[in-house]
Each structure stands twice: as C-alpha cells, then as structure tokens.
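Asker: no sequence for this one, just the structure:
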C-alpha cells in the first residue's frame with residue numbers, strides 16, 4: 001500500500017499549466033492522495049495500477065495523464081479513430097467520467113465523446129465521424145460501434161480501465177479483452193479498481209507491462225458512510241417504504257413484474273429511475289442474475 005505523500009501542488013507533480021487552471025476553475029486546487037502518489041508515474045507514461053475507494057479522486061488521477069499525453073503527442077483527431085480510451089462498467093459512471101474529462105480536454109484543445117447503450121446510435125456515430133481524441137465508453141456499446149465500422153482502436157495511445165472489478169463482476173470481461181486486443185500494445189495502460197485480484201489480475205497480467213502499483217486502502221477496507229436498515233412491512237406497503245429511500249436496487253422475476261414495480265413506485269412518489277431492466281433472452285437473464293447476486297452478496301461492503 002502506498003504511503004501518504006507530503007502535501008504537493010499539481011505544478012510540482014508536472015501537471016501542465018492549462019490543466020491546473022481548468023482544475024482550479026472547478027475548485028480543485030491541490031491533489032488528493034491518490035493523485036499525489038500516482039501522477040509522477042502516470043505522467044511519465046508508465047503503466048499503472050491504482051486502488052482506492054469511490055470518491056478518492058481517481059477519475060482526476062487518470063484524466064490528467066490521459067489528456068496531457070494526448071496533447072503532448074501532437075496528433076490530430078481523425079474520423080472514427082480516437083487516441084484515448086476510457087472503459088467503464090455503467091453509463092452513469094461514463095457520464096461522470098466524461099464530465100470530469102471535459103474541462104481538461106477543452107483546456108488542451110482536445111475533443112471527447114461518451115458512448116453507452118440504452119440510447120440511439122445517432123449522436124454517438126455523428127461524434128465519431130467528426131473525429132474525437134478521447135472516447136469514454138461502456139464495453140457493449142463500443143463493441144457495437146466497432147462492429148458497425150464507426151470506431152477503430154489502432155491509434156489508441158492511452159487506455160484506462162476504470163472500476164475494472166465491476167466490469168469483471170458484471171460479466172464484461174470477455175468484451176473488455178476483445179476491445180483491449182484491438183489496441184496497440186505500445187500504448188500506456190492504466191487500471192483503477194477497488195480490488196486487484198481474481199479476474200482483474202487476468203487483465204493486469206495480459207495487458208499491462210511492468211505496472212507501478214499504488215494502493216491507498218487495504219482491499220477489504222469497509223465503507224464508513226453507510227448505514228443498514230431493516231424494515232418489516234406488509235407486501236402492500238412495500239413500495240411506499242422503498243420510495244422513502246432515494247437510492248436502492250430492486251429486483252423482479254419477470255418483465256411484467258418490472259413494469260408493475262415501476263408503476264407502483266411512481267404512484268408511491270418515486271420520480272427518477274436510472275433504468276428498469278428485464279431480460280427476455282437467456283444470455284441476458286444469466287448476466288442480470290449474476291449481477292443481482294453480486295449486489296446482494298456485497299451489501300454492506302464497499303460497492304453498495
């Protein structure tokens with residue numbers, strides 16, 4: 001585990017001045033610990049492993065070297081041929097990462113886009129045709145775009161795998177491997193994950209070359225800001241209780257039950273849904289079942 005570093009400035013770590021200014025405009029004036037311990041190595045172009053909790057500042061930790069490296073190389077954006085790639089497990093995280101990258105990329109005159117499933121292809125293919133330097137992507141939609149000829153990865157200079165353990169646990173590992181196999185072996189690769197074992201180790205061994213390992217937290221460190229609630233209720237009152245809690249996972253056995261739960265939740269006062277998923281195909285049912293089991297098994301750990 002990396003030792004905490006003395007307080008350092010972004011400038012002393014070698015961060016380009018325009019990026020420092022963009023960070024300051026968003027209220028980020030000094031590096032978080034995970035940024036302080038990783039930036040020397042990542043800005044030097046080394047492959048890197050980073051382990052830290054959600055909220056530790058890891059997105060900025062990889063966004064800075066990603067943007068700095070692409071700006072330094074001086075290559076221009078080309079249609080359907082990005083130079084930087086960030087793979088993430090969910091569209092919510094994709095949007096969060098893209099929002100963090102946006103001001104840094106703009107400061108260095110780079111263009112980026114974000115691609116994920118559940119929406120139409122039109123805006124995503126249009127952005128790729130115009131040419132972007134950085135793509136933030138979920139594996140499934142990126143593979144679709146690659147298969148349709150809208151995106152190729154032969155010019156990738158920097159690849160980031162964010163929340164790699166989530167991608168492996170959610171069944172995305174085969175797709176991640178296929179995508180990584182299409183990127184040049186000479187590029188820089190950075191992997192950030194809450195754990196660096198099991199399936200994640202497969203990615204490390206296969207795609208990273210002599211990576212520097214920085215871990216701020218033990219692999220089994222608990223989440224400190226979570227409370228557990230047990231509420232006994234009659235079946236008819238169940239949705240009302242759910243509406244009280246703003247963020248939760250709800251599982252249903254059939255597509256009809258999913259639809260019924262959404263209607264009931266709306267009647268009980270819920271106003272926002274990140275997604276309602278049914279799985280009519282066997283291969284999709286297997287993935288959703290695995291994901292549901294994962295969530296429940298980790299209730300009370302760092303992920304939920």
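Answerer: Noted; the coordinates are in hand. These figures come from a predicted structure and were not determined experimentally. Residues are numbered from 1 along each chain as shown.
Asker: and stretch 122-140, which residues are buried?
Answerer: 124-125, 127-128, 132-139 (16 or more other Cβ atoms under 10 Å). From N, CA and C alone the C-beta is placed, and that goes for glycine too.
Asker: again with stretch 147-161
Answerer: 150-151, 153, 155-161.
Asker: ditto for stretch 162-179
Answerer: For stretch 162-179, by 16+ other Cβ under 10 Å, it's 162-173, 175-176, 179.
Asker: pLDDT on it, on average?
Answerer: For stretch 162-179, the mean pLDDT works out to 92.
Asker: Next, the distance between the ends of that stretch.
Answerer: 14 Å (Cα to Cα, to the nearest Å).
Asker: same check, this time on stretch 101-119
Answerer: Counting by Cα to Cα, the terminal residues of stretch 101-119 are separated by 21 Å.
Asker: Is residue 8 part of a helix or strand, or is it coil?
Answerer: In three-state terms, and counting by DSSP: H, G, I helix; E, B strand; the rest coil, residue 8 is coil.
Asker: So what's the residue count around it?
Answerer: 15 (other Cβ atoms under 10 Å).
Asker: host element of the closest residue to it other than its chain neighbours?
Answerer: Distances taken as Cβ to Cβ, 6 or more residues apart in numbering put residue 36 closest to residue 8, at 5.4 Å, once the chain neighbours are dropped. Assigned by DSSP states H and E, residue 36 belongs to helix 33-43.
Asker: so after that helix, what's the next helix or strand?
Answerer: strand 48-51.
Asker: just for the protein, where's the confidence low?
Answerer: The chain contains residues with pLDDT under 70 at 1-7, 52-55, 216-304.
Asker: Which residue ranges make up the domains of it?
Answerer: 17-215, 235-297 (automatic domain parsing).
Asker: Strands of the protein, start to end?
Answerer: 48-51, 84-87, 112-115, 134-137, 158-162, 188-193, 212-215 (DSSP state E).
Asker: winner for burial among these?
Answerer: Across the strands of the chain, averaging neighbours per residue (mean count of other Cβ atoms under 10 Å) puts strand 134-137 on top, at a mean of 28.
Asker: Can you give the contact residues for that one?
Answerer: 66-67, 70, 82-88, 94, 97-98, 101, 105, 110-116, 128, 142, 151 (Cβ atoms under 8 Å, 6 or more residues apart in numbering).
Asker: what's the answer for stretch 112-124, then?
Answerer: Outside stretch 112-124, the residues touching it (Cβ under 8 Å, 6+ apart) are 84, 90-91, 94-95, 97-98, 101-102, 105, 127-128, 132-138, 140-142, 144-145, 148, 150, 275.
Asker: okay, how far is it across that stretch, tip to tip?
Answerer: First-to-last distance for stretch 112-124 - Cα to Cα - comes to 11 Å.
Asker: out of the strands of the chain, which comes closest to residue 206?
Answerer: Among the strands of the chain, strand 188-193 comes nearest to residue 206, with 10.4 Å by Cβ to Cβ.
Asker: so what's residue 156 up against?
Answerer: Taking Cβ under 8 Å, 6+ apart, one finds 82-85, 183-184, 187 in contact with residue 156.
Asker: now those as CSV including distance to residue 215?
Answerer: Shown next, in CSV, are the contacts of residue 156 (distance: Cβ to Cβ, whole Å):
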residue, distance to residue 215
82, 29
83, 28
84, 24
85, 24
183, 25
184, 27
187, 23
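Asker: Skipping adjacent residues, who's closest to residue 40 in space?
Answerer: residue 13 (6.1 Å).
Asker: Let me fix that, I meant to ask about residue 110.
Answerer: residue 133 (4.2 Å).
Asker: which residues touch that neighbour?
Answerer: Contacts of residue 133 by Cβ under 8 Å, 6+ apart are 70, 77, 82-84, 105, 110-112.
Asker: so who does residue 97 touch?
Answerer: 59, 63, 86, 88, 114, 136, 162.
Asker: From those, pick the one nearest residue 211.
Answerer: residue 162 (15.1 Å).
Asker: ok, now which ones touch the closest one?
Answerer: So, once contact is read as Cβ under 8 Å, 6+ apart, residue 162 ends up touching 58-59, 62, 86-88, 93, 97, 192.
Asker: any idea how far residue 86 is from the closest residue to residue 184 other than its chain neighbours?
Answerer: By the measure of Cβ to Cβ, 6+ apart, the closest residue to residue 184 outside its immediate chain neighbours is residue 156, 6.1 Å from it. For residue 156, the distance to residue 86 (Cβ to Cβ, to the nearest Å) stands at 11 Å.
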